[in-house]
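Asks: got a predicted structure plus its sequence, pasted below:
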Amino acid sequence: MSRNSQSKGLDWLVGVWWVAGLGLISVLTHVAFAEFTEEWRLRSATGQYVERPDGLGDVERCSTCHEDVERVSSVEEHVYLGAHLLADVGCSACHGGIGRALQSQAAHSQDETGSPNVLLAAPWTEASCARCHLPGSVEGTERLANGALLFLELGCALCHTPAERGAAVSGPSLRGRRWTGIPELEAHILDPRRFLSDGEMPAFAPTFQGHEAELQAVELYVYSLSLAPGLSFESERADPRDLEAPCSSCHANTPSQAAPTPAHRCSYILSKRELLRCDRCHADKAFQPGKPCPSINEHRSGCGACHTNAGWEGR
Amino acid sequence: MRAFLQQFRKSDPVAKAESTPRRRNFLEHLHPPRVNARTLRFRTTFGLGLASLTFFAVLVLTGAVLMVAYVPSPERAYGSILDIDHAMTFGGFLRSLHRWSAYGMLLTVALHLLRVAFQGAYNRRALNWSIGLVLLGATLTLAFTGYLLPWDQRAVWATTVSAHILAEIPGLGAPLRDLLLGGEAVGEAALLRAYAFHVFFFPLLATVFLVWHLWRVRRDGGLASSSDVEVGVKLDAAHLHRREVAWVLTLLAAVSLVADLWPASLGALADLHKPDNPEKAPWFFVGAQELVSYSAFVGGVLVPAVCVSFLAAIPFLDRDRRDVGRLFGSPSAAMSTAAAAVLAGVVFAVGVWLELSGERTLDPGAWMLVLGVVLFLAMGALTGSARAAVQAALVVLAVSLLGFTLVGLCRGPDWVFTLPWEVGANVP
């Protein structure tokens, strides 16, 4: 290679230097610009330590922008905070979002996976209650409980079982299912064929015609299934892994086993029996106090409708 | 424009370097003071070694900064990653840069190995080839240990899957897994160990071997080439430096752009009791996981053992000094390698198609293993060229690695084949 051609090569190289160097500088400038034009930088970052049991939120920085967060327990909408000290649960346990984040967009998205946050405002915040409480077991979860019952009564739980077992027709588990928002969820309920043309699930649009409140309750409940479980504070929300044994020991599947004596152990179902309406599906049947449901085996998958803790569906 | 460029020529460091007497520099133990024209050509090496080195440097620098914010404990690791991403100034960008550089390094290290192998540049350089293999192992271990640190769902279960694959090695597997995890399952000890391996032991090992690797290249007389390849006149290294700066700048610009456009992801907080479905190994081990899904012994033990032994043995299998430095060797060797590639692709496609359609006759991993061995022996016997035989086996290895990784990435719930755009797809 002669000296001349080397020089030409160097001219070309100088071009690469310029393009790559300027490219690098532009990218770094963009990064710096994005970093320093964050909205929160107009304020000074503040945060507080939150004693949250799920291990996620030991620091929350919401008060950086939401200056009223310290006074929030006196605000009427936050009745639930009467039982929850702000220092114990923080904001994101109920409202979702990333409590540690300072950037508005990240702080207000549902979680790191980027799904949008529908929990910020009523009525959807109620879904968060199911992370720790059995629907209906505490004040303020009435719609959620109604949604759970409708989920059982409309037969949703027959296919959408937690472990995809015990049902004749199996639909996907709704645990941890990510929704892009309530509209997507609603469309899946009202017209599932839009998403899966050969799916078995019927359209529920006629069912909910004129029953908007019920539809919202079901949506609330199904959305609650997508949320990560918090800690079970209360014994009534037992770990479903413990329920597995009692279910199978009571509801034997094979004739060779001892005849089932289904004294249903789920205290929750018994305590809510007056709310259970078998006649929604079985016109000739009503729940009879003291008498177990004869078709309990078919409804076994319903256990998981309320016991939303994860872990039951481990492969 | 010409006048503008003229300014550069006046202060042209190459001209300056060539016209002034040289001063010796300690770094010349690693980097040559004079190079031949062939070394300067991009297509000689494709800059893959320098690319790996650049990514490694970025990884060390960004990693050192990330160390001030990361806490290696199960209770706080995930939160500290959230802090890095969302509260630390430039934290998110640095973490993203760290992750993309790691992926870049894995890719360039693998391609660098293939480039060296297909040029026959291992010839009479068995020591440096072995050092390179150690560096490949260190790179994979660094990537593997780094994968666990965010302590998200994917990290924990991917590590669990990989540890289970590792434990399949008879005799050695379980102790190795215990060494890595500090127990049988991923937990507190595993995180702390992964951290110690990731930030100290393996970077140290990699640095030592990297310096040795570069020094050996220098000791062995620069880039390998047979005497029948035109080496050209020796030029001052300033020519090389200018090209290196251009390449490093290009790589830095590219990786920064990617890191800025696609921030490193973080999944949900790890739940040690609830795996997702499917749970996958890190993408660079998904090929191994796919093989293990056919057969734990073939995929977890036999294939890796044969591959590692083959790679280590390459410099001793092929001692032919002809066409060293020439990509794919002589025209006939190149032709036979191309034929081997086509054959490997066809056998892979048929094997996987039979597997996916449930008509398995033989584990696809075993198919490819048999093909590799048969092609190696057949090429050696037919062409009489050890180079062609080695290249044929290497091509089978490369096609298999790529193919099984792609199939593994397309696994959905219950390990059912699911294309990325189908419902339930889970491409890491």
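Replies: Here it is on my side, so go on.
Asks: counting neighbours, what do you get for the closest residue in space to residue B:272 that isn't next to it in sequence?
Replies: Closest residue to residue B:272 apart from its sequence neighbours, by CB to CB, 6 or more residues apart in numbering or on different chains: residue B:156 at 6.6 Å. Any C-beta I mention is one placed from the backbone N, CA and C, and that applies to glycine too. Counted with other CB atoms under 10 Å in any protein chain shown, residues neighbouring residue B:156 total 26.
Asks: thought residue B:156 was touching residue B:148?
Replies: Yes. Contact criterion CB atoms under 8 Å: residue B:156 and residue B:148 qualify, at 6.9 Å.
Asks: so what's residue A:66 up against?
Replies: residue A:91 (CB atoms under 8 Å, 6 or more residues apart in numbering or on different chains).
Asks: so how far is chain A from the residue nearest to residue B:272?
Replies: Going from residue B:156 to chain A by CB to the nearest CB, to the nearest Å gives 13 Å.
Asks: also residue B:54?
Replies: For residue B:54, the distance to chain A - CB to the nearest CB - is 12 Å.
Asks: now do residue B:396
Replies: To chain A, residue B:396 is 33 Å away according to CB to the nearest CB.
Asks: can you tell me the SS state at that residue?
Replies: helix (DSSP: H, G, I helix; E, B strand; the rest coil).
Asks: does it touch residue B:340 like I think?
Replies: Yes. Taking contacts as CB under 8 Å, residue B:396 lies within contact range of residue B:340: 6.7 Å.
Asks: quick revisit: the helix or strand hosting the residue nearest to residue B:272: what's the following helix or strand?
Replies: Applying DSSP states H and E as the criterion places residue B:156 in helix B:153-166. Helices and strands here follow DSSP H and E; after helix B:153-166, the next one along the chain is helix B:173-181.
Asks: any idea of the mean pLDDT for that following helix?
Replies: Per-residue pLDDT over helix B:173-181 has a mean of 87.
Asks: tell me the angle of that helix relative to helix B:153-166?
Replies: Using axes from the mean of the first three to the mean of the last three CA atoms, to 10 degrees, the inter-axis angle of helix B:173-181 relative to helix B:153-166 is 150 degrees.
Asks: report the buried residues of whichever helix or strand comes after helix B:173-181.
Replies: The helix or strand immediately downstream of helix B:173-181 is helix B:188-196, counting by DSSP H and E. Neighbour-count burial for helix B:188-196, counted by 16 or more other CB atoms under 10 Å in any protein chain shown, picks out B:190-191, B:193-195.
Asks: which of the residues you listed sits closest to residue A:17?
Replies: Relative to residue A:17, the closest of the buried residues of helix B:188-196 is residue B:195; by CB to CB it sits at 38.4 Å.
Asks: roughly how far does residue B:330 sit from residue B:322?
Replies: 7 Å (CB to CB, to the nearest Å).
Asks: who touches the helix holding residue B:156?
Replies: By CB under 8 Å, 6+ apart, helix B:153-166 touches B:144, B:147-149, B:173, B:176-177, B:180-181, B:185-186, B:190, B:194, B:267-272, B:275-276, B:279-282, B:285, B:288-289, B:292, B:299-300, B:428.
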